[in-house]
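Enquirer: Quick one, structure for this:
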Amino acid sequence: MYFLTHNPQKHIPWNKGKLVGQKPPLKLKEIWAIRIRLGLSNRIRDLALFNLAIDSKLRSCDLVKLRVRDIAHGSTIAKRAMVMQQKTHQTVQFEITEQTRDAVSNWIAHAKLASNDYLFKSRFRASPHISTRQYARIVESWVSEIGLDPAEYGTHSLRRTKPCLIYRRTKNLRAVQLLLGHTKLESTVRYLGIEVDDALEMAEQTEV
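Expert: Next up, the predicted model:
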């Protein structure tokens, strides 16, 4: 004889009621809309976090664990940085643009961070840095403020943004593969969704 038991702590899937699938990257005008809003409201930390997320193309698990020493030499923000990815254990290199260097430098000075400190500390004692969940909520607030649907965009939108912009400008898949730290070119193709995008672009340029 079998008895059905009720488990009051039944696990609820994280994606219940949410849209799943590949998150779209931000467009150039959306990047600047967020930057301008963060700058005008003097959100120093958020501007540094946003700019660094775009430049680094890091997954959220790697971004939140960045320390000052990972991107700075003394008081100078490096033009390039190298990070070991948690998921793949592959090293990835990225450029830090001037506006990002300025934003991060302002944040480090404002927060009085030391070389060994996490760049984005948590306000909670249980965690030394912001969690990926906290970061996701921050991203949701950014996209909501400029009128985008937070259900459609997420932290991966920021990771995809610069690679997609670079590919559209150069069509250089190999370069994007290196920037993302992918071991297989096929992974980059799927990641960018370029087969569909290129087909649509060609269709739009073809008159019938």
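Enquirer: and L26, how many neighbours?
Expert: The number of residues packed near L26 is 25, by other Cβ atoms under 10 Å. Just so you know, the C-beta spots here come from the backbone N, C-alpha and C atoms, and that holds for glycine as well.
Enquirer: actually K23, not the one I wrote
Expert: With other Cβ under 10 Å as criterion, K23 counts 18.
Enquirer: Quick check: it touching S157?
Expert: Yes - the pair K23 / S157 is scored as a contact, 4.4 Å apart, by Cβ atoms under 8 Å.
Enquirer: Can you check which residues contact both of the two?
Expert: Taking Cβ atoms under 8 Å, 6 or more residues apart in numbering as the contact rule, K23 and S157 touch no residue in common.
Enquirer: Let me know the secondary structure of A81.
Expert: For A81, the assignment made with DSSP: H, G, I helix; E, B strand; the rest coil gives strand.
Enquirer: Helix or strand, whichever it is, which one in this protein has the lowest mean pLDDT?
Expert: Here the helix or strand of the chain ranked lowest by mean pLDDT, DSSP states H and E is helix 194-205, holding a mean of 54.
Enquirer: Run through the neighbouring helices and strands of the helix or strand encompassing Y191.
Expert: Counting by DSSP states H and E, the element that carries Y191 is helix 185-192. Helix 185-192 is packed against helix 155-170, helix 173-180, with contacts defined by 3 or more Cβ pairs under 8 Å, 6 or more residues apart in numbering; DSSP states H and E.
Enquirer: would you list those helices in JSON lines and tack on distance to A109 and mean neighbour count?
Expert: Output for these, formatted as JSON lines (distance: least, Cβ to Cβ, whole Å; neighbours: other Cβ atoms under 10 Å):
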{"stretch": "helix 155-170", "distance to A109": "24", "mean neighbour count": "19"}
{"stretch": "helix 173-180", "distance to A109": "29", "mean neighbour count": "17"}
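Enquirer: just checking, I108 touches V68?
Expert: Yes - I108 is within contact range of V68, at 6.1 Å (criterion: Cβ under 8 Å).
Enquirer: so what sits against both of those two?
Expert: L119.
Enquirer: And the helices in the protein?
Expert: 28-40, 44-56, 60-63, 68-71, 98-111, 132-145, 155-170, 173-180, 185-192, 194-205 (DSSP state H).
Enquirer: Isn't G181 up against V92?
Expert: Yes - counting by Cβ under 8 Å, G181 does reach V92; the two are 3.6 Å apart.
Enquirer: hmm, back to that, closest one to R125 among the helices of the chain?
Expert: Among the helices of the chain, the nearest to R125 by Cβ to Cβ is helix 132-145 (14.0 Å).
Enquirer: Dump the C-alpha coordinates for the closest one into CSV.
Expert: Extracted C-alpha coordinates of helix 132-145, given in CSV (Å, rounded to 0.1, in the frame of the first residue of the first chain):
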residue,chain,number,x,y,z
THR,A,132,24.0,37.2,-8.7
ARG,A,133,20.4,37.5,-7.5
GLN,A,134,21.1,41.0,-6.3
TYR,A,135,22.8,41.9,-9.6
ALA,A,136,19.8,40.5,-11.5
ARG,A,137,17.4,42.7,-9.5
ILE,A,138,19.7,45.7,-10.2
VAL,A,139,19.6,45.0,-14.0
GLU,A,140,15.8,44.6,-13.8
SER,A,141,15.6,48.1,-12.3
TRP,A,142,17.8,49.6,-15.0
VAL,A,143,15.8,48.2,-18.0
SER,A,144,12.5,49.0,-16.3
GLU,A,145,13.5,52.7,-15.9
